[in-house]
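# One predicted model, sequence on top.
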Amino acid sequence: MNRSIRKAVIPAAGFGTRMLPATKSIPKELLTIVDRPLMDHIVAEAFAAGIEHVVIVTGRGKGAIEDHFDHGFELDATLRASGKHALADKIKSQTPGVGSVSFVRQQEARGLGHAIWSARHIIGDEPFAVLLPDMLMIDDTPCLKSMVDMHSRYGGNLVAVERCKPEDAHKFGIVSLKLSGDGPLINGMVEKPAPGTAPTNLFISGRYILNPEVFALLENQAPGAGGEIQLTDALVSLMASQEFRPFEFTGRTFDCGSPAGFVGANLAMAMMRPELADAMAGEIADAASRLGLLHAKVA
C-alpha cells in the first residue's frame, strides 16, 4: 500500500523581482488575487488535497506571511463589535488550524532545491508534495488533489506537466517520456532546450509529489544553473533509482510571478465569482471600447 501524502512544502523565499516595485515591501505571495492573497489560494489547494501539514519556506522580509496565517484577535474582535460577524466568520474559516502550518527560514538565497531541502527536518522520512506559489492552477478538481489520487494508485514520484506549443518548448523546463506497462514514465528533464531539440512539448508546471530520498541528493548537490541548487538536477539523479510519472494538468494555469499572469488571474478569478461577474464584464467591455477608440485616434 502506498504511503499517504500528509505534508507539503511551499517555497516562498524569493524576491519576486518580476513584480517589482510592488514586491519591494510586500511579499509577492501576499499580492491579492481579487480580495484574497495568492498564498491563500495555494495553501487552500494543499488542504483540499488532504494535506495535514503545510511547511512554508520563507526568507528575510517575509514575516508578513507568518502574520497572515496567524489568528488576528484584534481584527476579529473589532469586526464582531461592529456587527460584521459574517466577515469575521469568513476570515476565521480561511485561517488554518493550530499546528497545521509551519515556517522555515531559508537563510541564503541558494535556489529552489535548497529551499525545499530547508524543510527536511519537518517532512522527515515520508513522501511529500511541493507547490510553487507563483503558479495558480485552476480546475474543477484541484491539481494537487488529482496528483494525490494518482499517487495512491502508483506511488513513486509525480510531476505536473502541461502542453505548450512545440515552437515554444525552448521557453520551459521540458520532460522526456518512455512507455511502461502502466502508462508513461518521465526519463529526463531539460531546462529550456535549444529551439527544435525538445523531446516533447510537456513542460513542468509547478506541482510535485516526491519521495524523501531527494533530500540526500539536494544536500550534496553541486550548484547548477545560475550558481544555485536546482531541484531539477536532483530529480534527474533520483530517476536512476525511482519512477517518475507525469500528471498532465488540463486546467488553467496563471504565472502570477509575472505582471501579465497576475492580471490574467485576477480577471479570471473575478469572473468566476457570481457577485462580481456582471460588473467585471461591464468593466472589460468599457476598457475594450475605450482602447478601440484610442487606437482609432492614433491611426
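Looks like it came in fine. Numbering: from 1, shown residues only.
# My guess is residue 118 contacts residue 108. True?
No. Contact between residue 118 and residue 108 fails when scored by Cβ atoms under 8 Å: they sit 9.5 Å apart. C-beta here means a position set from N, CA and C on the backbone, and glycine is covered the same way.
# Pick out whichever of these two has more residues nearby.
Using other Cβ atoms under 10 Å as the criterion, residue 118 and residue 108 rank with residue 118 on top: 23 against 12.
# Give me the secondary structure label for residue 162.
In the three-state summary, residue 162 is assigned as strand, counting by DSSP: H, G, I helix; E, B strand; the rest coil.
# burial of it, as a residue count?
Neighbours around residue 162, by other Cβ under 10 Å: 21.
# ok, now residue 193?
Using other Cβ under 10 Å, residue 193 has 17 other residues around it.
# separation between residue 56 and residue 199?
Noted for residue 56: a distance of 34 Å to residue 199, by Cβ to Cβ, to the nearest Å.
# And for residue 211?
Plainly put, residue 211 is 24 Å away from residue 199 if you go by Cβ to Cβ.
# which of those two has more neighbours?
Regarding residue 211 and residue 199, a neighbour count based on other Cβ under 10 Å identifies residue 211 as having more, with 19 against 15.
# Could you double-check that the more buried one sits in contact with residue 151?
No. Residue 211 is not in contact with residue 151 according to Cβ under 8 Å; the separation is 10.3 Å.
# Find residues that contact each of these two.
Residues touching both residue 211 and residue 151 (Cβ atoms under 8 Å, 6 or more residues apart in numbering) are residue 127.
# for stretch 9-24, the distance to its chain's centre please.
In terms of Cα atoms, centre = their mean, to the nearest Å, the gap separating the centre of stretch 9-24 from the centre of its chain is 13 Å.
# And stretch 234-242, by the same measure?
22 Å.
# Contacts for it, please.
With Cβ under 8 Å, 6+ apart as the contact definition, stretch 234-242 has outside contacts at 113, 156-157, 159, 186-189, 210-211, 213-214, 217-218, 221, 244.
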